[in-house]
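J.: Pasted the sequence and its predicted model underneath.
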Amino acid sequence: MTQINVRVDGASYSDDVEPRTLLVHYLREQLGKVGTVVGCDTSNCGACTVHLDGEAVKSCTVFAVQADGSEVTTIEGISQNGTLHPMQKAFHEMHGLQCGFCTPGMIMASIDLVNDNPSPSEDEVREGIEGNLCRCTGYQNIVRAVQQAAAEMNGGASATSPAAVDTAAAPHVAVQS
Ligand code: FES
Ligand code: FES
């Protein structure tokens, strides 16, 4: 066992882990952060994405010991005092999810994308989230959600206005005027 000291979602933890323990398993099984999910065993799906010192990483590709001394943020740590993060809000409003399994990782990857590129074009969003797979939505409303969130995260000054929600892809969604 190896002791690690890590901050996760603003709280400090000191734990013993096996050197082979993956960060995602540490988060879920030792800390109970089950909002971060495992969607594959091939490092392909991105469902496990968290931020490690501010950068999006697939937490199934990182050992817990590599997070020693670091700051980890999961999907459970991005809302503030019960207020959704703009990316969470946009995924909700633009119907950027269906089953929701990919959503925690998709949101964490998208926040990192917008932090690096405050006003991404549709192509840049698609390229930025290419490491995150969704088998439900067809991605259209995910792209729109990311662009809407980008506008809000940057004070509404997005150079690329997101298109309206695709009601053909999500027929039960009310169109907002
Ligand atoms: S669980 Fe699929 S990439 Fe991590
Ligand atoms: S919403 Fe089901 S996998 Fe993306």
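T.: Perfect, thanks for sending it. Numbers count the residues shown, from 1 in each chain. Ligands and ions are numbered 1, 2, ... in the order given.
J.: Stretch 29-40 spans what distance, first to last residue?
T.: This stretch, stretch 29-40, spans 17 Å end to end (CA to CA, to the nearest Å).
J.: count of neighbours near Thr2?
T.: Neighbour count for Thr2, taken as other CB atoms under 10 Å: 13. The way it works is simple: take the backbone N, C-alpha and C, and place the C-beta from them, glycine included.
J.: And for Glu130?
T.: For Glu130, the tally of surrounding residues (other CB under 10 Å) stands at 11.
J.: Could you list which residues are in contact with it?
T.: Under the criterion of CB atoms under 8 Å, 6 or more residues apart in numbering, Glu130 has no neighbours.
J.: Helix or strand for it, just tell me which one.
T.: Assigned by DSSP states H and E, Glu130 falls within no helix or strand.
J.: Could you do Val57 as well?
T.: strand 55-58.
J.: same question, Val6
T.: Applying DSSP H and E, one finds Val6 within strand 2-8.
J.: coming back round to it: direction included, what does the strand holding Val57 pair against?
T.: Note on strand 55-58: by DSSP bridges, its sheet partners are strand 49-52 (antiparallel).
J.: Could you chop this protein up by domain?
T.: Domain assignment for the chain by automatic domain parsing gives 2-77, 86-153.
J.: so which of these gets nearest ligand 1?
T.: Ligand 1 sits nearest to domain 2-77 of all the domains of the chain, at 3.3 Å, using CB to the nearest ligand atom.
J.: Centre of the chain to the closest one, how far?
T.: Centroid separation between domain 2-77 and its chain, computed with CA atoms, centre = their mean, to the nearest Å, is 13 Å.
J.: Name the nearest residue to the residue nearest to the spatial centre of the chain, sequence neighbours excluded.
T.: The chain has Met108 as the residue nearest its centroid, 1.8 Å off, counting by CA atoms, centre = their mean. Spatial nearest neighbour of Met108, chain neighbours left out: Thr49 (4.4 Å); criterion: CB to CB, 6 or more residues apart in numbering.
J.: what number of residues lie near Val37?
T.: Here the number of neighbours of Val37 (other CB under 10 Å) works out to 20.
J.: Which residues are in contact with Cys45?
T.: So Cys45 contacts Gly39, Cys102, Gly105, Asn132, Leu133 (CB under 8 Å, 6+ apart).
J.: Show me what the nearest residue to the third one once chain neighbours are set aside is bridged to.
T.: Looking back up the chat, that one is Gly105. Nearest non-adjacent residue to Gly105, counting by CB to CB, 6+ apart: Thr49, 3.7 Å away. Note on Thr49: beta-bridge partners by DSSP bridges are Lys58.
J.: okay but Thr49 is in contact with Thr61, surely?
T.: No - with contacts counted by CB atoms under 8 Å, Thr49 stays clear of Thr61, the gap being 10.0 Å.
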